[in-house]
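Student: below is the sequence, then the predicted model.
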Amino acid sequence: DRNIPYLCLLGDLTNNAYGFQFRAFFSLLMPYGFHQLIALGNHDTFHPNLDEALHIHPLIKRHVLQQELYHKETIQQCSFYVLNTQKPQENNMYIEKDQFTWLEQELTKDQADWKFILCHHPLADTHPGSEDRSMHVGYQNAQLESILKGNPQIVYLSGHLHNSYSHTALCMKDDLLCINVPSFHQVQRGIRKEQIGLQLDLYHDFLHVRFRDYRQHQYLSSVSYIYDRKKRCIHTIYPK
């Protein structure tokens, strides 16, 4: 798996945002040399003993945040937008006006063929479990959706749900492709098999999505997906 050039992680790198947990995580990740893009999860920013000020551990600042808490990176003519909560929340997100304004302005002028949104929280009523308010963006969900809708180049990547690979990972919400990555650890819904991730192979007009067992270093012989960007539809491919 060292041949994978880019690694996207959708948060909950730790359980309680403690320094020793971040150190353990990065000690496992760093030897591989991945170019990484990481959105922070609620477990990475919230702790019951902290106040409402967002405490970012120095290791996060060094390894995760490029410039700001929210930021954009261009990789091989594709745009990646990393969104993060601006106040620690036990379950949902809190997005300030500046982040919304930045996102809307950047998307408006962005000419990239593919635009990926990396956010720990899924949009409401997309994947199994996201109908629960504590399991999606939160009360600002509609505001975020209004900025994203109408742009077929956008792919929204999320985590948070602790779903298994046996749950539907891809869905369309209007013209927006939403992808929820399976939980790598502590699977709570579906087949409780861990260390399963998604591998995305990107082409000009379509996206090929497969499940990969990173413990066994092999693709799962289960369903895979093709997203046709021109037709704005998902093709589900079942094994023969």
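Tutor: Everything's here; your move. Model, not experiment: these values are computed from the prediction. Numbers count the residues shown, from 1 in each chain.
Student: quick one, helices of this structure?
Tutor: 19-29, 42-45, 58-63, 97-109, 141-148 (DSSP state H).
Student: quick one: pLDDT of the nearest residue to Ser221 once chain neighbours are set aside?
Tutor: Closest residue in space to Ser221, ignoring its immediate chain neighbours: Pro239 at 5.2 Å, by Cβ to Cβ, 6 or more residues apart in numbering. For the C-beta atoms, the positions are set from N, CA and C on the backbone; glycine is no exception. Pro239 is assigned 83 on the pLDDT scale.
Student: what's the answer for Asp51, then?
Tutor: 57.
Student: cool, Tyr203 as well?
Tutor: For Tyr203, the model assigns a pLDDT of 92.
Student: mind checking how far it is from Asn180?
Tutor: 22 Å (Cβ to Cβ, to the nearest Å).
Student: then Thr236?
Tutor: Thr236 is 15 Å from Asn180, by Cβ to Cβ.
Student: more crowded one of these two?
Tutor: Asn180 (26 against 10; other Cβ atoms under 10 Å).
Student: low-confidence stretches in this structure?
Tutor: When residues are selected by pLDDT under 70, those of the chain lie in 1-2, 48-67.
Student: could you pull out the strands for this structure?
Tutor: For the chain, applying DSSP state E gives strands covering 6-9, 35-38, 71-75, 78-82, 114-118, 154-158, 170-173, 176-180, 196-202, 206-213, 218-219, 224-228, 233-237.
Student: so what's the gap between the shortest one and the chain middle?
Tutor: Okay, so that is strand 218-219. 21 Å (Cα atoms, centre = their mean, to the nearest Å).
Student: so which other helices or strands are in contact with it?
Tutor: strand 206-213 (3 or more Cβ pairs under 8 Å, 6 or more residues apart in numbering; DSSP states H and E).
Student: sorry, back to before: so which of the helices of the chain is nearest Leu161?
Tutor: helix 42-45 (12.1 Å; Cβ to Cβ).
Student: residues in contact with that closest one?
Tutor: The contact list for helix 42-45, computed with Cβ atoms under 8 Å, 6 or more residues apart in numbering, reads 11-17, 54-56, 60, 84-85, 88-92, 120-121, 160.
Student: would you turn the strands of the chain into CSV with distance to Ser146?
Tutor: Shown next, in CSV, are the strands of the chain (distance: least, Cβ to Cβ, whole Å):
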stretch, distance to Ser146
strand 6-9, 24
strand 35-38, 24
strand 71-75, 19
strand 78-82, 16
strand 114-118, 14
strand 154-158, 13
strand 170-173, 12
strand 176-180, 11
strand 196-202, 26
strand 206-213, 24
strand 218-219, 37
strand 224-228, 23
strand 233-237, 23
